[in-house]
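Chemist: below are the sequence and a predicted model for it; my questions follow.
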Amino acid sequence: MKKINLSITGCLGRMGQQVIKSSKIAKNFKLVSVTENRVINKKISGLKPQLNSESAFKNTNIIIDFTIPKCTLEVLKIASKLKKRVVIGTTGFSKKEENLIKKYSKKIPILKAGNMSLGINLLMYLTEIASKSLEDNFLSKVFEVHHKHKKDHPSGTALMLGRGIATGKNKDFYKLMGKKYLNKKTFPYSKKINFNSIRKGEIVGNHKVFFSSGKETITLDHEAFDRALYSEGALTAAKWLMSKKPGLYSMRNVLNFK
């Protein structure tokens, strides 16, 4: 079987490094280029890091991007021109940037997920079901913990779960988004969806969705112990995306959740 030529952006980042490591173990991929946002004079997995450019991506079949929104949009602009597929694990996009991604997806296949984990995507699915079943009798909030190096908050996964709550209620997520707390020991429920983010240590990721009627509380919980589950999920997504037409896909499509 012919291997899939792979490019990885943000090659010095935590997830970039992890995807490189996992791609070396995977049998379906050949790493052909790695990029960074600055000139690097040392080789990474035998490859000299390049800046994001047409020459960096010309020989690839698919790009996996775990960087920052500005970089991701730069990558999408080049990928769109070269007709290359892109898997996006970057988080923290604004509504305007989300719309730009949708625009690019009309030209190339894009898979975007705030989290590449099977367990998290199942949690998202269960969140939607719970939110729909409980309707407006229960208030909800989202809690998440990540390592101290993570800059954005709430995490992309927490926002995914918030969207799950909104989807279950058939309401607009942006209108339901409540307050965003950072490093608070406790945080309140409200008629909107409040978020609390903890940043400490080297924790890979912990997410909880709470539903409360005031008389009872329902908690949906997921904890990640190994960052490899995200990189392996991204590679699974990349392999799946190879046969798809232009469009914007998610891990739910890969996992065939209805």
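Modeler: Here it is on my side, so go on.

Chemist: for D136, see how far away the residue of the chain most remote from its centre is.
Modeler: No residue in the chain sits farther from the centre than K215, which is 34.3 Å out by C-alpha atoms, centre = their mean. Counting by C-beta to C-beta, to the nearest Å, the gap from K215 to D136 is 15 Å. All C-beta atoms are positioned from the backbone trio N, CA, C, and that covers glycine.

Chemist: please name the nearest non-neighbouring residue to D226.
Modeler: Spatially, and ignoring its direct neighbours in sequence, D226 is nearest to V204 (6.6 Å; C-beta to C-beta, 6 or more residues apart in numbering).

Chemist: what number of residues lie near the one you found?
Modeler: Residues near V204, counting by other C-beta atoms under 10 Å, number 15.

Chemist: isn't it up against A228?
Modeler: No - between V204 and A228 there is no contact under C-beta atoms under 8 Å: 9.6 Å.

Chemist: now do the contacts for the residue nearest to the spatial centre of the chain.
Modeler: What sits nearest the mean C-alpha location of the chain, by C-alpha atoms, centre = their mean, is G114, with 2.3 Å. Counting by C-beta atoms under 8 Å, 6 or more residues apart in numbering, G114 touches 91, 155-157, 159-160.

Chemist: highest neighbour count among the residues you listed?
Modeler: Most surrounded of the contacts of G114: other C-beta under 10 Å gives T157, at 27 neighbours.

Chemist: SS state for that one?
Modeler: For T157, the assignment made with DSSP: H, G, I helix; E, B strand; the rest coil gives helix.

Chemist: okay, now the closest residue in space to it that isn't next to it in sequence: neighbour count?
Modeler: Excluding its sequence neighbours, the residue lying closest to T157 (C-beta to C-beta, 6+ apart) is N115, at 4.1 Å. For N115, the count of nearby residues is 26 (other C-beta under 10 Å).

Chemist: please, which helix or strand holds N115?
Modeler: Using DSSP states H and E, N115 falls within no helix or strand.

Chemist: ok, it - contacts?
Modeler: N115 neighbours (C-beta under 8 Å, 6+ apart): 121, 156-157, 160, 205, 230, 233, 251.

Chemist: those: which two are farthest apart?
Modeler: G205 and M251 (15.0 Å; C-beta to C-beta).

Chemist: contacting residues around the nearest residue to A26 once chain neighbours are set aside?
Modeler: Nearest-residue entry for A26: L235, 5.3 Å, with adjacent residues in sequence omitted and distances by C-beta to C-beta, 6+ apart. By C-beta under 8 Å, 6+ apart, the contact set of L235 is 19, 22-23, 26, 28-29, 64.
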